[in-house]
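Visitor: sequence plus predicted model, see below.
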Amino acid sequence: MDIGIGLPATIPGTPGSQIVQWARAAEDRGFATLGVIDRLVYGNCEPLVTLGAAAAVTERIRLMTSILLVPFRGNAALLAKQAATVNHLSGGRLVLGMAVGGYEDDYLASGVPFAGRGRRFDAMLDEMTRIWAGEARGAAGAIGPRPGVPSDRLVFGGHGERPFARVAARGGGWIAGSRGVEAFRRGAEAVRRAWAERGRDGEPRLMAQPYFSLGPRAREDAEAFLLDHYAVEGWDAEKVASLALTDAAAVRDAVAAYEQAGCDELILFPCSPDLRQVHLLADAVL
């Protein structure tokens, strides 16, 4: 199982220079992927812009939106170009994880209706796929840069029949959230069924993204960040915070449990932007 690490771009107030240093350190320590989480109404950095910065200071590590909330962005052509640009600048290292999102304030701030976001997502995916295939759009031809984002680098998040069907019909994999290994296991089984029913060859790439926090302030940092980030979910924020992995043994146990459940890659997201977190996690699992 591959081990990736999230960038601290989700944590409000993290300096840009620190995010860049984190990206370099993650590659140097041998992590497989750098992940970024999306929100609009929060003090985080925008995911694709952040991955563009990470692309400039790394050479090998995969760059993943895990996940990008697509429907409130509205303009599929512009989003297709932005994603293709990150993929181009990084030398083909982008893995584009996408979902609809469940926070209504993000949609209100965008001026995009919350209702019908699943249908809007599918329509935007159709347009993005045509753009990446090189469909002409004007006097200059197609929207570039080519070759866009290949379908095997498209990963979908979310639980339920429609997200699982998107994986089977449109992409190469599925990523679970941070709700624990049992939630991953149930989702992974459903994704495999949808994949087989669709008649797809091979296997979907199955991923998850728990939170971690290590060192003497591990629990305090985890609660401070997660209770704030997930405050929009009310009491569920406490559940997310309780699942954070706050010592090296817990991290190793989680890695083993996810691997036993059939996970292909685990991307562990930080609750503190302290650069030492990269090295503490690497020492624990790599």
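Guide: Structure's in. What do you need?
Visitor: show the contacting residues for residue 19.
Guide: Residue 19 sits next to 7-9, 45, 50, 53-54, 273 when contact means C-beta atoms under 8 Å, 6 or more residues apart in numbering. Any C-beta I mention is one placed from the backbone N, CA and C, and that applies to glycine too.
Visitor: backbone torsions only: list them for the most centrally placed residue in the chain.
Guide: Of all residues in the chain, the one closest to the mean position by C-alpha atoms, centre = their mean is residue 66, 0.4 Å from it. The phi/psi pair for residue 66 (degrees, to the nearest 10) reads phi -140, psi 60.
Visitor: pull out the buried residues from the contacts of residue 19.
Guide: The neighbour-count test (16 or more other C-beta atoms under 10 Å) marks 7-9, 45, 50, 53-54, 273 as buried among those.
Visitor: from the contacts of residue 19, which single one is nearest residue 211?
Guide: Nearest to residue 211, judged by C-beta to C-beta, of the contacts of residue 19 is residue 8 at 11.6 Å.
Visitor: for the closest one, which non-adjacent residue is closest in space?
Guide: For residue 8, ignoring the flanking residues on the chain, the nearest one in space by C-beta to C-beta, 6 or more residues apart in numbering is residue 273 at 3.7 Å.
Visitor: isn't that neighbour right next to residue 18, touching?
Guide: Yes - if you go by C-beta atoms under 8 Å, residue 273 and residue 18 touch, sitting 5.6 Å apart.
Visitor: and for the helix or strand where residue 268 lies, what's in contact with it?
Guide: Element membership for residue 268, per DSSP states H and E: strand 265-270. The contact list for strand 265-270, computed with C-beta under 8 Å, 6+ apart, reads 1-6, 8, 10-11, 32-33, 35, 37, 64, 66, 175, 178, 205-213, 245, 251, 254-255, 258-259, 277, 281, 285.
Visitor: which residues in the stretch 51-200 of the chain form strands?
Guide: Listed in chain order, the strands of the stretch 51-200 of the chain (DSSP state E, counting those that start in this stretch) span 62-69, 94-99, 136-138, 141-142, 154-157, 173-175.
Visitor: let's have the ones you listed in TSV, adding distance to residue 25 and mean pLDDT.
Guide: Shown next, in TSV, are these (distance: least, C-beta to C-beta, whole Å; pLDDT from 0 to 100):
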stretch	distance to residue 25	mean pLDDT
strand 62-69	15	97
strand 94-99	20	98
strand 136-138	40	90
strand 141-142	38	92
strand 154-157	24	98
strand 173-175	23	98
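Visitor: what's the closest of the ones you listed to residue 106?
Guide: strand 62-69 (6.5 Å).
Visitor: now do the helices in the stretch 1-150 of the chain.
Guide: 16-28, 47-57, 76-89, 104-110, 117-132 (DSSP state H, counting those that start in this stretch).
Visitor: on contacts alone, who are the packing partners of the third one?
Guide: In other words, helix 76-89. helix 47-57, strand 94-99, helix 117-132 (3 or more C-beta pairs under 8 Å, 6 or more residues apart in numbering; DSSP states H and E).
Visitor: can you list the buried residues in that helix?
Guide: 76, 79-89.
Visitor: thinking again about what came up before, by contact count, what packs against the helix or strand just after the strand holding residue 268?
Guide: Once the chain leaves strand 265-270, the next helix or strand it forms, by DSSP H and E, is helix 276-285. Secondary-structure packing of helix 276-285 (3+ C-beta pairs under 8 Å, 6+ apart): strand 2-6, helix 16-28, helix 248-260, strand 265-270.
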